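> Below are the sequence and a predicted model; questions follow.
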Amino acid sequence: MSALDKTTGMGLYMLSVIKSFFFFGRYFWEIFSLVVQDLHFLILIVQKNTRFYNKIEINYSNIIYELNNMELNEIISQVKENNNWKSESRIVGEACEYYIKNNIKCVRCNDNNFEKYKTNEQSKDLICISCNQKFQIKAKSATQKQVNNIKNKNTFRTIGGEYSTTLRNINEQIDYLIILYEKQSYKIINILYIKNENISSNCIMPRKPLSITAKRAGWQGCNILFDNIQFII
Ligand SMILES: [Zn+2]
């Protein structure tokens, strides 16, 4: 084969490559963009699932969520940034409301569709827009040992709000979600869920009214003793 034939052969080959490129080229972008779109969609699904929860199982009495983000740190600094609050309990309380809103599905209907009540709304913090269930969110620092104790005894005692308001709230069918977190690290150890059906007036114990000399003289608080607790984690 002469050198000329070789060149012609190569030229013809190149020509057919260019021809086929033009032939398939117009489909190329369509196929390419379809693949990119699908990939993007897939990535979105994966991101969404891993961000919120990998697995949710609702057994008869145990709710198991596997949460990836188990820290309140980030939300706490956001709350501090947005508000000029000094009270630690107020800051952590607000952060916990946002945590639940962003990370947990409604235990009643399995939707993540919460809305926050106004800050001064008494005794209810979140409402599930999908099923209308109202929730009160509480936060309490605890150690792993204390959480184990709560698990073993299935009781949890905490300070409630004003006695008569808390009593009245039983009729409002408010469920409780209580975030138990480690004091220094703000790591969440567990989240307790108490259905309003399991809260009776017997669970609400009055405390001594504040003395006459106190700023809010006569104000009467209460303790709440929860049993029949479901553990979210
Ligand atoms: Zn719901």
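Nice, thanks for sending it over.
> for this structure, which residue is closest to the average position?
Centroid-nearest residue in the chain, with CA atoms, centre = their mean: residue 103, separated by 1.9 Å.
> Please verify my assumption that it contacts residue 70.
No - Residue 103 is not in contact with residue 70 according to CB atoms under 8 Å; the separation is 9.0 Å. No exception for glycine: its C-beta is placed from N, CA and C like everyone else's.
> Which helix or strand contains the residue lying closest to residue 133 once chain neighbours are set aside?
Distances taken as CB to CB, 6 or more residues apart in numbering put residue 108 closest to residue 133, at 4.7 Å, once the chain neighbours are dropped. When elements are assigned from DSSP states H and E, residue 108 belongs to no helix and no strand.
> and residue 108, how far is that from residue 196?
Residue 108 sits 10 Å away from residue 196, going by CB to CB, to the nearest Å.
> Could I get the buried residue list for stretch 98-112?
Buried residues in stretch 98-112, counting neighbours by 16 or more other CB atoms under 10 Å, are found at 98-101, 103-107, 112.
> what's the pLDDT at residue 103?
pLDDT for residue 103: 90.
> actually residue 26, not the one I typed
65.
> And for residue 226?
Listed pLDDT for residue 226 reads 96.
> Is any residue of stretch 123-138 near the ion?
Yes - legend: contact between stretch 123-138 and the ion by CB under 5 Å from the ion is shown at 128, 130-131, 133.
> Just the buried ones from these, in ChimeraX syntax?
The following ChimeraX line selects those of these that are buried, judged by 16+ other CB under 10 Å:
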select :128,133
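> which one among the residues of stretch 123-138 next to the ion gets closest to residue 163?
Nearest to residue 163 out of those is residue 133 (CB to CB; 24.2 Å).
> Phi and psi next, for residue 137.
Main-chain dihedrals, residue 137, degrees, to the nearest 10: phi -100, psi 130.
> ok, now which ones touch the closest residue to it other than its chain neighbours?
Nearest non-adjacent residue to residue 137, counting by CB to CB, 6+ apart: residue 125, 4.4 Å away. By CB atoms under 8 Å, 6 or more residues apart in numbering, the contact list for residue 125 reads 97, 116-117, 135-137.
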